[in-house]
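Student: Please find the sequence and the predicted model below.
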Amino acid sequence: MAQHVVFCPAPSPGPSFANLAPPLSPWGSRSPSLYSLFIHNCPLCGVEFEASQCPFPASYVPSHYTDHMTLRQRSANFLLALLEPLSCRYLYSGVNPIASDVLQRETTGPQLMSKTSIWLMCFDFSPPAEKAQQFFDVFRQVLQRVVWRYIGAVPENPPENVKVISWLPQNDLLGHPTVKALITHGVIHGIHEGICNGVPIVMMPLFGDQCDNVQRMAAQGVGKVLSINDVTSDKILKALNKIINDKTYKKKITKLWAVHKDCPVNPFYLAIFWTEYIKRHKGAGHVTAAAHELNWIQYHCLDLFTLLIILVITVVMATVKPSDSVFTIAALRSWRTVTHFHLS
């Protein structure tokens, strides 16, 4: 079931509550008394781009590739971009009637999310027991100590160098100077924490944006990517030893860390600022993209292209028609001359 948190700030004019809800839930609608803050739980069909009207050109914004794509990859990326809206309609087909019934008006999931004031992201994952056992087998063979955030069943004889806990301050641990590597399924938060602490990463994507995330990291040379479908203890061990012992990975992610750290405002305080900004300005409707007011034809400039085509055709016809008339008259005169010659 979807989880919701309602924040109650100090009394002030206008809306005084913020509704925090996952985007898969129809209950997060923004109403006159609520500001919507959606938690991004990694929708599978890119609905966040449709709802926010964020530009997503398939020519250079990749899905499961890097931003340097071959012709074949761009073609596949373009086809995926065409199919994603159809998958969104299927995934949210059950949400639309529920949302319409609750709100007593015709609406859809993406329409509800288009009214969102701010987007947040939250992810969670725990591997199945058989996969978890592979990790325990690997950790038993490494020399380093392992801290693992794991909420599944722990075997009877876990490795002595492994500490399993249900929650851990991952960012704080990654900031310790003795940390050698991070294993993650490619969620954007874990990758950012790895980058911001300069820790090489072993990545095993599962779904959503994770495949895209790990391919970009692999292209930067800061980690190794494994497939969860055919991963084995031996593959995990080799990848882990590779990024720990090969100093190239550490060097490249340190360079990437320097790039990400070079920003004027700490992202944590920037998130606080924008959350409070929305409250101060009553939803901050003035920063909403005008794209929400355009229809599909206007959004893709099809009306403009149609007008340009009509203008080009008009100019061509106006230019070519007099020449055609002269050519026709000349042809008729030649025919008359030939006819007169034969008659004579």
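Tutor: Ah, there it is.

Student: alpha carbons only for contacts and neighbour counts from here, please
Tutor: Will do.

Student: Which helix or strand contains residue 76?
Tutor: Residue 76 is part of helix 71-91, with elements assigned from DSSP states H and E.

Student: Look up how far residue 319 lies from residue 170.
Tutor: Going from residue 170 to residue 319 by C-alpha to C-alpha, to the nearest Å gives 70 Å.

Student: Mind checking which of these two has more residues around it?
Tutor: residue 170 (15 against 11; other C-alpha atoms under 10 Å).

Student: by contact count, what packs against the helix or strand hosting residue 99?
Tutor: Per DSSP H and E, residue 99 falls inside helix 95-103. Contacts defined by 3 or more C-alpha pairs under 8 Å, 6 or more residues apart in numbering; DSSP states H and E place helix 95-103 against helix 109-113.

Student: What is the helix it packs on packed up against?
Tutor: Helix 109-113 packs on helix 47-52, helix 95-103, going by 3+ C-alpha pairs under 8 Å, 6+ apart.

Student: sorry, back to before: which parts of the helix holding residue 76 are buried?
Tutor: 73, 74, 76, 77, 78, 81, 84, 88, 89, 91 (16 or more other C-alpha atoms under 10 Å).

Student: give the contact list for residue 318.
Tutor: With C-alpha atoms under 8 Å, 6 or more residues apart in numbering as the criterion, no residue contacts residue 318.

Student: From residue 311, how far off is it?
Tutor: As for residue 318, its distance to residue 311 is 10 Å (criterion: C-alpha to C-alpha).

Student: Ok, residue 65 next?
Tutor: Distance from residue 65 to residue 311, by C-alpha to C-alpha: 39 Å.

Student: Same check on residue 317?
Tutor: Distance, residue 317 to residue 311, by C-alpha to C-alpha: 10 Å.

Student: Who are the contact partners of residue 138?
Tutor: The contact partners of residue 138, by C-alpha under 8 Å, 6+ apart, come to 233, 234, 236, 237.

Student: tell me which element the last one is part of?
Tutor: Right, residue 237. Going by DSSP H and E, residue 237 is in helix 233-245.

Student: Give me the contacts around that helix.
Tutor: Residues from elsewhere that reach helix 233-245 (C-alpha under 8 Å, 6+ apart): 134-135, 137-138, 142, 180-181, 200-202, 223-224, 226, 249-250.

Student: can you pull out the strands in the chain?
Tutor: Along the chain, counting by DSSP state E, strands occupy 5-7, 17-21, 34-40, 118-121, 146-149, 162-165, 182-184, 201-203, 223-225.

Student: where in the stretch 201-344 of the chain is pLDDT low?
Tutor: Low-confidence segments of the stretch 201-344 of the chain, defined by pLDDT under 70: 321-344.

Student: 80 - rerun?
Tutor: For the stretch 201-344 of the chain, applying pLDDT under 80 flags the ranges 207-209, 285, 287-294, 299, 320-344.
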